[in-house]
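> here is my input, please return the structure:
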Amino acid sequence: MKPLLKQPLLHFLALGVLLFLFHGWVSQNDSEDGDRIVIDDAALREFVQYRSRSFDAASIDRKLAAMNPEERRQLVDRLVREEALYREAKRLGLDRDDYVIKQRLVQKMEYLARGFGAPAGAVDPAALNAYYRDHRERYREPPSVTFAHVFIDADRHGEPAQYARTLGQQLNAGAEPFSRAMGYGDRFLYHTNYVERSDDFVASHFGAGFAEAVFDLAPDDSRWQGPIASDHGYHLVMLTGKDSGGVPALETIRDRVAQDARRAWLDRQTEDAIRTIVDSYDVERRTGQQAAREGQQDDIQG
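Prediction:
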């Protein structure tokens, strides 16, 4: 019996019954109240909460208490106006066959279904391992490089390639580290240092040819390599790191995988709850040629 009582679908169905009974009670009270609108402190508090999008009850109470009589009267008038127009719209049936209202109600039901399917606690280790195994490719990381560069602007130097080669020899002779790259060359449009950047990212800043050349280099944090041509000019590059990419081990991305696994589990539970609701209705499908044939038969019989 206990496992049955813990089933989210059972909880959701129980909620549906309670909502049905509550709706009947509210409808009965509405019919009894007729045209009477009752404004009390609770109604004012709720009105201010939704208008200000603040649900701190203590803060709202302080705000109401600080109002002078005229401010409070104006607030009550706005609430009465809203409630009266809402009731009149319902009386005229304006809430029916309105797609916007329909979608809001659908969203509320989806929210209720999702809330009752929320998992408690951490994801079971076996389930986490299974999720990681089934979705490994989702976590695949592309190859990346880490490098610094010195930019030589072709528009500022008569022979930019030769100038870059000479500058490269000077930097290597002085054993200049990558951290001092900012002190040499010309100002570049983007960055001087790139850390664990993919081929696509590098290409977006330098061009595809430069990206291909950089990824072909061997890492060497003691030597400036190049010059390498880009869409902007020439570059001396110190490649300090290179990663071939691949799927990280579960231990290194456990929190991320657990979050995705919880979300997937919740999605399944939500869809199961919604499917239970949908299956409770007798659906008659009339589409395309079938609807046309039935319409012709009705005309003949008429």
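> residue 211 is in contact with residue 199, isn't it?
Yes. Between residue 211 and residue 199 there is a contact under CB atoms under 8 Å: 5.2 Å. (Glycine included, C-beta is placed from N, CA and C.)
> neighbour count winner among the two?
Neighbours of residue 211 and residue 199, each counted by other CB atoms under 10 Å, are more numerous for residue 211; the result is 22 against 17.
> what helices or strands is the helix or strand encompassing the more buried one leaning on?
In the assignment (DSSP states H and E), residue 211 maps to helix 208-216. Counting contacts by 3 or more CB pairs under 8 Å, 6 or more residues apart in numbering; DSSP states H and E, helix 208-216 is packed against strand 144-153, helix 199-206, strand 225-229, strand 233-243.
> make a markdown table out of these and add distance to residue 169 and mean pLDDT.
Formatted as a markdown table, these follow (distance: least, CB to CB, whole Å; pLDDT from 0 to 100):
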| stretch | distance to residue 169 | mean pLDDT |
| --- | --- | --- |
| strand 144-153 | 12 | 94 |
| helix 199-206 | 22 | 95 |
| strand 225-229 | 11 | 93 |
| strand 233-243 | 10 | 94 |
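> quick check: buried residues in stretch 49-65?
Residues 60, 63 are the ones in stretch 49-65 that count as buried (16 or more other CB atoms under 10 Å).
> in the protein, where is pLDDT below threshold?
Scanning the chain for pLDDT under 70 picks out 1-34, 55, 115-122, 287-302.
> mind listing the helices for it?
Along the chain, the stretches classed as helices by DSSP state H are 2-5, 8-33, 41-52, 57-65, 69-91, 99-116, 125-134, 160-173, 199-206, 208-216, 254-279, 288-301.
> can you redo those helices as TSV with distance to residue 239?
As requested, these are exported to TSV (distance: least, CB to CB, whole Å):
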stretch	distance to residue 239
helix 2-5	58
helix 8-33	53
helix 41-52	55
helix 57-65	56
helix 69-91	65
helix 99-116	48
helix 125-134	32
helix 160-173	13
helix 199-206	11
helix 208-216	7
helix 254-279	28
helix 288-301	62
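> looking at those, which is closest to residue 236?
Taking CB to CB, helix 160-173 is the member of the helices of the chain nearest to residue 236, at 4.7 Å.
> buried sites along the closest one?
Neighbour counts over helix 160-173 (16+ other CB under 10 Å) mark 160, 163, 164, 165, 167, 168, 171 as buried.
> residue 238 pairs with what?
According to DSSP bridges, the residues that bridge with residue 238 are residue 148.
> got the contact list for it?
147, 148, 149, 177, 178, 181, 220, 221, 223, 224, 225 (CB atoms under 8 Å, 6 or more residues apart in numbering).
> between the helix holding residue 211 and strand 233-243, how many degrees?
Calculated by axes from the mean of the first three to the mean of the last three CA atoms, to 10 degrees, helix 208-216 forms an angle of 40 degrees with strand 233-243.
> list the buried residues for helix 208-216?
Neighbour-count burial for helix 208-216 [16+ other CB under 10 Å]: 210, 211, 213, 214, 215.
> what does stretch 234-243 give?
234, 235, 236, 237, 238, 239, 240, 242.
> dump the residues you listed into JSON lines; add distance to residue 84 as well.
Below are the buried residues of stretch 234-243 laid out as JSON lines (distance: CB to CB, whole Å):
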{"residue": "234", "distance to residue 84": "75"}
{"residue": "235", "distance to residue 84": "71"}
{"residue": "236", "distance to residue 84": "75"}
{"residue": "237", "distance to residue 84": "72"}
{"residue": "238", "distance to residue 84": "73"}
{"residue": "239", "distance to residue 84": "72"}
{"residue": "240", "distance to residue 84": "71"}
{"residue": "242", "distance to residue 84": "70"}
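> out of those residues, who's nearest residue 64?
residue 240 (61.8 Å).
> which residue packs closest to the closest one, ignoring adjacent ones?
Nearest residue to residue 240, sequence neighbours excluded (CB to CB, 6 or more residues apart in numbering): residue 221, at 4.4 Å.
> got a list of what the one you found touches?
Contact analysis of residue 221 by CB under 8 Å, 6+ apart lists 178, 238, 239, 240.
> and the two most separated of those?
The most widely separated members of these, counting by CB to CB, are 178 and 239 (9.2 Å).
> okay, and the common contacts of those two?
147, 221.
> does residue 156 touch residue 186 like I think?
Yes. Residue 156 lies in contact with residue 186 (CB under 8 Å); the separation is 5.9 Å.
> neighbour-wise, which of the two wins?
Legend: neighbour count by other CB under 10 Å for residue 156 and residue 186, higher for residue 186 (16 against 11).
> skipping adjacent residues, who's closest to that one in space?
Nearest residue to residue 186 in three dimensions, chain neighbours excluded: residue 153, at 4.1 Å (CB to CB, 6+ apart).
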